[in-house]
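> sequence? don't have it. structure:
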């Protein structure tokens, strides 16, 4: 699922977590919001993306710009 998130963010750029969830659901099928949050946390701890708060209940997800592989 991590690769699916990265693909969407590479194509569409920064987006809210709700929009990212909708995009992943439409492309890759049934995924829970809890699974999405778990993957976002893993990727943020790895330094691949940032998650910041926009408004109450909404977060901005963006890639860090560092190379992911190699």
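Noted; the coordinates are in hand. Please read all numbers here as calculations on a predicted model, not as lab measurements.

> what separates whatever helix or strand residue 18 lives in from the chain centre, distance-wise?
Assigning secondary structure by DSSP states H and E places residue 18 in helix 17-28. The gap between the average C-alpha position of helix 17-28 and the chain average comes to 9 Å, counting by C-alpha atoms, centre = their mean, to the nearest Å.

> Buried residues in the helix or strand just after that helix, which are they?
Following the chain from helix 17-28 toward its C-terminal end, the next helix or strand by DSSP H and E is helix 33-45. Applying a neighbour-count criterion of 16 or more other C-beta atoms under 10 Å, the buried positions in helix 33-45 are 36, 39-40, 43. Just so you know, the C-beta spots here come from the backbone N, C-alpha and C atoms, and that holds for glycine as well.

> Give me the mean pLDDT for helix 33-45.
The average pLDDT within helix 33-45 is 94.

> quick one: buried residues of the helix or strand just after that helix?
Read in the C-terminal direction, the helix or strand following helix 33-45 is strand 49-55, with elements assigned using DSSP H and E. Using 16+ other C-beta under 10 Å as the burial criterion, the residues of strand 49-55 that qualify are 49-50.
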